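Novice: Predicted model follows, preceded by the sequence.
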Amino acid sequence: MFKVNHIAISVRDNIRSIEFYQKFGFKKFKSWKADDNSIK
């Protein structure tokens, strides 16, 4: 049986992207950003 355990999606606008994917039933589980703010 195949099941998805992890996905990562890089986006430009984090807030808009979260709202978009929530419309399809996705839930934000965890987010991460670099200590030097190079990645948010």
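Specialist: Happy to help now that I have it.
Novice: Count the residues that sit near F26.
Specialist: Other residues lying near F26 total 13 when counted by other C-beta atoms under 10 Å. Glycine gets a C-beta too; all of them are placed from N, C-alpha and C.
Novice: Could you check how far the residue nearest the centre of the chain is from D35?
Specialist: Centroid-nearest residue in the chain, with C-alpha atoms, centre = their mean: I9, separated by 5.3 Å. Distance, I9 to D35, by C-beta to C-beta, to the nearest Å: 21 Å.
Novice: For the protein, just list every one of the helices.
Specialist: 14-22 (DSSP state H).
Novice: Residue ranges in it under the pLDDT threshold?
Specialist: Under the criterion pLDDT under 70, the flagged ranges of the chain are 39-40.
Novice: to the chain's geometric centre, what's the distance from stretch 20-40?
Specialist: Mean-position distance between stretch 20-40 and its chain equals 3 Å (C-alpha atoms, centre = their mean, to the nearest Å).
Novice: Using PDB, list the CA coordinates for it.
Specialist: C-alpha atoms of stretch 20-40 as PDB (Å, rounded to 0.1, in the frame of the first residue of the first chain):
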ATOM      1  CA  PHE A  20      -5.300  28.000  -1.300                       C
ATOM      2  CA  TYR A  21      -4.200  24.500  -0.100                       C
ATOM      3  CA  GLN A  22      -6.700  24.600   2.800                       C
ATOM      4  CA  LYS A  23      -9.500  24.800   0.200                       C
ATOM      5  CA  PHE A  24      -8.500  21.300  -0.900                       C
ATOM      6  CA  GLY A  25      -8.400  19.900   2.600                       C
ATOM      7  CA  PHE A  26      -4.700  20.200   3.300                       C
ATOM      8  CA  LYS A  27      -3.700  21.100   6.900                       C
ATOM      9  CA  LYS A  28      -0.600  22.900   7.900                       C
ATOM     10  CA  PHE A  29       1.300  20.600  10.200                       C
ATOM     11  CA  LYS A  30       4.600  22.300  10.600                       C
ATOM     12  CA  SER A  31       6.600  25.200   9.200                       C
ATOM     13  CA  TRP A  32      10.300  26.100   9.400                       C
ATOM     14  CA  LYS A  33      12.500  29.100   8.800                       C
ATOM     15  CA  ALA A  34      16.200  29.600   8.900                       C
ATOM     16  CA  ASP A  35      17.700  31.400  11.900                       C
ATOM     17  CA  ASP A  36      19.200  34.000   9.500                       C
ATOM     18  CA  ASN A  37      15.900  34.500   7.700                       C
ATOM     19  CA  SER A  38      17.300  33.300   4.400                       C
ATOM     20  CA  ILE A  39      14.500  30.700   4.200                       C
ATOM     21  CA  LYS A  40      11.100  31.300   5.700                       C
END
